[in-house]
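J.: Attaching a predicted model along with its sequence, questions to come.
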Amino acid sequence: MNLFAEIRGLVLDALSGMVADGALPPDLDIAVVSVEPPRDPGHGDMATNAAMALAKPARMAPRALAEALAPRLAADHRVETAEVAGPGFINLRLASSVWRNAVRAALEAGPLFGRSEMGAGRRVNVEFVSANPTGPLHVGHTRGAVFGDALAALLRFAGWEVTREYYVNDGGAQVDVLARSAYLRYREARGEAVEIPAGLYPGDYLKPVGEALSEQFGDDLMDLPEESWLPDVREFAVERMMDAIRADLDLLGVRMDRFFSERALYDTGLIEAALKRLDEAGLIHVGVLEPPKGKTPEDWEPRPQTLFRSTAYGDDIDRPLKKSDGQWTYFAPDIAYHFDKIERGYDLLIDVFGADHGGYVKRMKAAVAALSAERTPLDIKLIQLVRLFKDGEPYKMSKRAGSFVTLRDVIEEVGPDVTRFVMLMRKNDAPLDFDFRKATEQSKDNPVFYVQYAHARVASMLRLGAEAGVATEDRALAAADLSLLAHPAQLALAKKVAEWPRQVEQAAASFEPHRVAFFLNDVASAFHALYNLGRDEPALRVVQPDDPAGTAARLALARAVSVVIAAGLGILGVTPAEQM
């Protein structure tokens, strides 16, 4: 039940009636008609731009069209008033029964309340984290993991068929560096004193890998030349690091549907197949690139290169596909990987990248547009940095990784629920300040606590209601006499409940799960405000044993709030609290 979509349908029906009556010409583009909350809540519950949007094609003055449309809207039983404002907007006030019915709808739908069919079963691939398997996940990866997982959950809630995917970067030179680093830890585990030279990974996290190598191979690798031990150690180290990454993601509540190995691309012919498609489209050529902008490297020289004509799809320059030694560039397997996604039949691709990959956006979009003949859209979301604080001061945590704060460090400090909620309290492309003290304090200034406390407070009310003899099952509360909800603060809270389906669709359409976190904070604020009014106005206190009918109605409203909060927290990957 999306009330805003429902009222938009009313507006469209009224416009169709005007067309049938000859008051409007046929074939108007009604897709431009919207129904939104007014900027100033004092103007009403909803506003429509119908007259403003259709005036020109209808060859009417906007206000004249609005004045003809408003009475038709006011005639509907759901509309209390329809007033023309300014040059032609129509502000609508809805009947109180509409908001009470939203409460009932939430109770009847339960966990399904707010779910949308806007995705219509279309398939979307959300690729996120995709960290190199050369070390533990750090705090930056944590934000990307939380964002990607919440976005995937949001899209599924909005009717998409979602695949969560992790691209394992196990095909580049960095995994050879990992293997050499792990080999030194292996020699250390065999009793040798080692020093980690510059250029290798010094973190203690590789000591368990070295010990596991020692247990499996004994002394067998000690006297072998590098070319003999490197393949086995590389495979072993990558597998162990991916096990650790999976365990860290599991701590955060993130579970991937698929892990895709870059190394596998080299054995399947996918790179060649992808580039063949581009070549057949005339998008591969041999050319000489301009020198890099800024200071030109001393070893730079103009030379012919195999290039992808990405400028044909909006990129700034064409992009090289092969290095001077004939090896593929990093871009070539990335093209093949996205070609594989396209061939798997997804209707939409979403990549979640760190902010340092911003320069990769145009070339990747160009490749997907070319490979799919512009049929498969690619959206790339950039994740900005996380700065750690405690009591407003930069916070230096222990760094078991050697040089950075890990995901596990953060989880052990504040837990997965707090981590996830705080990571989603800012838009993904804005820097995030994570203050450990504020994230765990129990006050209304902490949105995590504020939202969780609202859910726990409702659970407590339901327990008290049951003790007072009121039936507190959702079905029983949905049958309560909701006309007893008449106080402005009660109706204001019911309006918040009614907004939830619209919030889901807006957040999903914009790929912005932080909107859900913001909305839950608003709902919790309205709920706590109503609760606090009960201290001064006894009639608003929820559980009153001498007023079973009123108690049932007030519990129905409270329970509808917890339905919304539980659904929203489910999208964010946060467990609703039953007591605090």
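T.: Yes, it's here.
J.: longest single helix anywhere in this structure?
T.: Identified as the longest helix of the chain according to DSSP state H is helix 226-252.
J.: can you list the residues that contact the next helix or strand after that helix?
T.: Along the chain past helix 226-252, the next helix or strand (assigned with DSSP states H and E) turns out to be strand 258-261. With CB atoms under 8 Å, 6 or more residues apart in numbering as the test, strand 258-261 has contacts from 163-168, 170-171, 242, 337, 340. For glycine as for every other residue, the C-beta is placed from the backbone atoms N, C-alpha and C.
J.: and which of these is nearest to residue 37?
T.: The closest of the contacts of strand 258-261 to residue 37 turns out to be residue 164 (CB to CB; 32.6 Å).
J.: Got the confidence number for that closest one?
T.: Per-residue pLDDT puts residue 164 at 98.
J.: Could you number the chain from 293 rather than 1 from now on?
T.: Understood, numbering begins at 293; the last thing we discussed is residue 456.
J.: and it, what is it in contact with?
T.: Listed by CB under 8 Å, 6+ apart, the contact set of residue 456 reads 418, 420, 440-441, 444, 546-550.
J.: just residue 733 next, same as before
T.: residue 741.
J.: quick check: mean pLDDT across whichever strand or helix holds residue 633?
T.: Here residue 633, judged by DSSP H and E, is contained in helix 623-635. Average pLDDT, helix 623-635: 97.
J.: Mind giving me the packing neighbours of it?
T.: helix 554-557, helix 562-572, strand 640-646, helix 653-663 (3 or more CB pairs under 8 Å, 6 or more residues apart in numbering; DSSP states H and E).
J.: The ones you listed into TSV, with extra columns for mean neighbour count and mean pLDDT?
T.: As requested, these are exported to TSV (neighbours: other CB atoms under 10 Å; pLDDT from 0 to 100):
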stretch	mean neighbour count	mean pLDDT
helix 554-557	18	91
helix 562-572	17	96
strand 640-646	22	97
helix 653-663	22	98
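J.: So which of those is nearest residue 336?
T.: Taking the helices and strands packed on helix 623-635 one by one with CB to CB, strand 640-646 is closest: 35.6 Å.
J.: Now tell me what touches that closest one from outside.
T.: 414-421, 432, 436, 439-440, 443, 452, 630, 633-634, 652-653, 656, 660, 668-675, 720, 803.
J.: follow-up on the earlier one: which of the contacts of strand 550-553 sits closest to residue 342?
T.: Using CB to CB, these come closest to residue 342 at residue 455, 38.9 Å.
J.: quick one: pLDDT of residue 694?
T.: For residue 694, pLDDT reads 54.
J.: picking that back up, separate out the buried members of the contacts of strand 640-646.
T.: If you count burial by 16 or more other CB atoms under 10 Å, the buried members of the contacts of strand 640-646 come out as 416-421, 432, 436, 439-440, 443, 452, 630, 633-634, 652-653, 656, 660, 668, 670, 672-675, 720, 803.
J.: Which of these fall within helices?
T.: Secondary structure defined by DSSP H assigns 432, 436, 439-440, 443, 630, 633-634, 653, 656, 660 of those to helices.
J.: Take these and write them to TSV, including distance to residue 696.
T.: Listed next are these as TSV, based on distance: CB to CB, whole Å:
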residue	distance to residue 696
432	8
436	14
439	19
440	20
443	24
630	29
633	30
634	34
653	24
656	26
660	31
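J.: Could you identify the most distant pair in these?
T.: Top of the distance list for those (CB to CB): 432 and 634, 28.4 Å.
J.: circling back: from the contacts of strand 550-553, which ones fall inside helices?
T.: 534, 629, 632.
J.: Now do the contacts for the closest residue to the last one other than its chain neighbours.
T.: Excluding the flanking residues, the one nearest residue 632 by CB to CB, 6 or more residues apart in numbering is residue 562, at 5.7 Å. For residue 562, the set of contacting residues under the criterion of CB under 8 Å, 6+ apart consists of 628-629, 631-632.
J.: Please convert the residues you listed to TSV, extending it with distance to residue 814 and neighbour count.
T.: Shown next, in TSV, are these (distance: CB to CB, whole Å; neighbours: other CB atoms under 10 Å):
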residue	distance to residue 814	neighbour count
628	45	23
629	40	22
631	43	24
632	41	17
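J.: from these, which single one is nearest residue 728?
T.: residue 629 (36.8 Å).
J.: hmm, back to that, could you dump the contacts of residue 456 to TSV with distance to residue 499 and pLDDT?
T.: What follows is the contacts of residue 456, written out as TSV (distance: CB to CB, whole Å; pLDDT from 0 to 100):
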residue	distance to residue 499	pLDDT
418	34	98
420	29	98
440	30	98
441	30	98
444	34	98
546	26	98
547	27	97
548	26	98
549	32	98
550	30	98
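J.: May I ask which of these has the most neighbours?
T.: residue 418 (29 neighbours; other CB atoms under 10 Å).
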